[in-house]
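Q: any chance you can model this:
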Amino acid sequence: MGLGREDEYLTTGLWDATTQYMTDRGIRETPNQMALYLEEDGTWDRSYFYTNFEIGYIPFFRSEAYQSYFEHLDKQGGFYYYRWGDAPIRLLGVSINSEVDKVKRFDTIPYSHKVYVVLPEG
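A: Numbering: from 1, shown residues only. Purely as a prediction, here's the structure:
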């Protein structure tokens, strides 16, 4: 699984909505998982999981914590006005609500999608 960088015009307002959600929920410290995807100034670097193959734990995505994040974003209208995509939202939602050791990246499996190619060594 690779990491892509979403085009800036497709993430208009997404980071602001995310930080507002975190403030509203009393999340004051940057979650460890999210710290992996932040610039030095503390802003999101627009990373997303770049893959057409994901294994997700359904109870996590149905949890109150994840659902409240998704509902918060839905109320902002960014899905419709800015075309916020599923991949960046999953990365941010997972990053807010889970620890680093709960996310497994399959870096040993070759993957290609248009111009993006992952070829593990060995």
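Q: which regions of the chain lie under the pLDDT threshold?
A: With pLDDT under 70 as the threshold, the chain has low-confidence stretches at 1-3, 113-116, 118, 122.
Q: how does it look with 80?
A: Low-confidence segments of the chain (pLDDT under 80): 1-5, 49-53, 105-122.
Q: need the helices for it, in chain order.
A: The residue ranges that make up the helices of the chain, judged by DSSP state H, are 14-24, 32-35, 58-61, 64-76, 78-81, 86-97.
Q: including mean neighbour count and distance to Pro110, could these go into CSV?
A: Bear in mind the C-beta positions are built from the backbone N, C-alpha and C, glycine included. Written out in CSV, the entries for the helices of the chain read as follows (neighbours: other CB atoms under 10 Å; distance: least, CB to CB, whole Å):
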stretch, mean neighbour count, distance to Pro110
helix 14-24, 17, 30
helix 32-35, 16, 25
helix 58-61, 11, 27
helix 64-76, 15, 30
helix 78-81, 13, 32
helix 86-97, 20, 19
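Q: make TSV from those and add distance to Gly4 to it.
A: Supplementary listing: the helices of the chain in TSV, determined by distance: least, CB to CB, whole Å:
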stretch	distance to Gly4
helix 14-24	15
helix 32-35	17
helix 58-61	20
helix 64-76	19
helix 78-81	18
helix 86-97	7
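Q: so the residue most central in space within the chain versus Leu36, what's the distance?
A: By CA atoms, centre = their mean, the mean C-alpha position of the chain lies nearest to Leu91, the distance being 1.5 Å. In this structure, Leu91 and Leu36 are 10 Å apart, going by CB to CB, to the nearest Å.
Q: still on that earlier bit, ok, the residue nearest to the centre of the chain touching Thr51?
A: No. Between Leu91 and Thr51 there is no contact, the gap being 11.0 Å when judged by CB atoms under 8 Å.
Q: which residues are in contact with both of the two?
A: Counting by CB atoms under 8 Å, 6 or more residues apart in numbering, no residue touches both Leu91 and Thr51.
Q: give me the spatial nearest neighbour of Tyr69, chain neighbours excluded.
A: Spatially, and ignoring its direct neighbours in sequence, Tyr69 is nearest to Gly93 (5.0 Å; CB to CB, 6 or more residues apart in numbering).
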